[in-house]
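K.L.:
test case, fold it:
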Amino acid sequence: MAEEFVEGNFLGLAKPDGKPDIVVLSVPYELTTSYGQGTSEGPAACVEASGQVELFDPLLGEDLPAGLRISTPPAWDGEGNNLAQQLDGISNFLAPWYDGKTFPVILGGEHGILPALVHAAGNHPLVDGDFSKLTIVQIDAHADLREELEGEVFSHACAAARAMDFGLKHLFQVGVRAFSQHEYNRIQSDDKITTYFASEIQKSTDSTWGNWLDEISQIEGPIHLTIDIDGLDGSLVPATGTPVPGGLTFWQTVETIQALFSSAKGVVISMDVNEIVPQKDTPLTQFTAAILATKGIIHHINARRAGNWTKQTVAGREISQPKPSTSYFQNR
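P.N.:
The predicted model follows:
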């Protein structure tokens, strides 16, 4: 018997009893967009579109929630008088969910949420404040490695650069096809950054795509997957803030998700799907974002079933008390 559809919850799933295994967290943040506007409305549109996503996937062999508790808490409140206060607010909103037991799926909002998300991930037992253990895998049209844009160092165009400031283990990027000379030079010189450019992976006679899948499947330790949906070809997400032609296909993106979550040595502790802008004439953009978030949930559940999640999260060890709120970005 089908479960009752609950409007306003991701996939229309009812709020579960007890502590959730998976949370879908909306962060409607938009302060530094530089082209198209509307990312603040993206998370709600994505949740709405998720009501049309099929709950069945052959990988699990049953409908979601597939025996797990999937919850959609209230969205981040957006409070803060300036950018630094808002970034601290986002970090404090996300941090309690990095407890080692819950899998957070974050919906944005502009990609400028990434530094706040990384700061929150320091709460996870596998990271425990040591960001040199954390690897980020980034699907994106843009390198996001600028030092500043229009004078703002926390612009969405600087998201990956600010994430790297935490001293990450490594940054893997794929689908990149829009970047400055400064960003290109850093990619070439920084041994902690590995970038697979879209122009390379889309060559039909080249094996670069297989190399990408092989490399990310060998990542060890905690991983955060960040999907800027403009990393996909613009025909799939035409309403995103900065669409760029020549990106990943839908199935290449799914293959990336599968390779990461099935890794024997690594564990995806969280993921985000960002730069969602509601599309007026057709819900294609927000639906694409919703189905990618759902694919992440499906592969996370599969990893739990395989025992990888429990093994990698130190037998489910969790922080007994959430760390207190911080003012990290305001104090920088």
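
K.L.:
how about the strands in the stretch 201-332 of the chain?
P.N.:
Secondary structure of the stretch 201-332 of the chain (DSSP state E, counting those that start in this stretch): strands located at 221-228, 266-274.

K.L.:
out of the ones you listed, which is closest to residue 40?
P.N.:
strand 266-274 (11.6 Å; C-beta to C-beta). Heads up, the C-betas are built off the backbone N, CA and C, glycines and all.

K.L.:
tell me the predicted confidence for residue 14.
P.N.:
You'll see residue 14 listed with a pLDDT of 94.

K.L.:
nearest spatial neighbour of it, chain-adjacent residues omitted?
P.N.:
Nearest residue to residue 14 in three dimensions, chain neighbours excluded: residue 6, at 5.0 Å (C-beta to C-beta, 6 or more residues apart in numbering).

K.L.:
then residue 196?
P.N.:
In space, residue 196 is closest to residue 174, 4.4 Å off (C-beta to C-beta, 6+ apart).

K.L.:
over to the one you found: give its phi and psi.
P.N.:
Per-residue torsions, residue 174: phi -140, psi 150 (degrees, to the nearest 10).

K.L.:
is it in a bridge, and if so with what?
P.N.:
Residues in a beta bridge with residue 174, per DSSP bridges, are residue 139, residue 196.

K.L.:
rewinding a little: how about the strands of the stretch 201-332 of the chain in TSV, adding mean neighbour count?
P.N.:
TSV is the format used below for the strands of the stretch 201-332 of the chain (neighbours: other C-beta atoms under 10 Å):
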stretch	mean neighbour count
strand 221-228	26
strand 266-274	26
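
K.L.:
so for residue 208, which of those sits nearest?
P.N.:
Using C-beta to C-beta, the strands of the stretch 201-332 of the chain put strand 221-228 closest to residue 208, at 19.7 Å.

K.L.:
what pairs with that closest one, parallel or antiparallel?
P.N.:
Within its sheet, strand 221-228 is paired with strand 135-139 (parallel), strand 266-274 (parallel), according to DSSP bridges.

K.L.:
what mean pLDDT does it have?
P.N.:
For strand 221-228, mean pLDDT is 97.

K.L.:
also stretch 208-217?
P.N.:
For stretch 208-217, mean pLDDT rounds to 95.

K.L.:
pull out the buried positions in that stretch.
P.N.:
209, 212, 216, 217 (16 or more other C-beta atoms under 10 Å).

K.L.:
give me the neighbour count for the nearest residue to the last one once chain neighbours are set aside.
P.N.:
Put plainly, it is residue 217. Leaving out its chain neighbours, the residue that sits closest to residue 217 by C-beta to C-beta, 6+ apart is residue 259, at 4.6 Å. Neighbour count of residue 259, defined by other C-beta atoms under 10 Å: 19.

K.L.:
so who does residue 259 touch?
P.N.:
By C-beta atoms under 8 Å, 6 or more residues apart in numbering, the contact set of residue 259 is 213, 216, 217.
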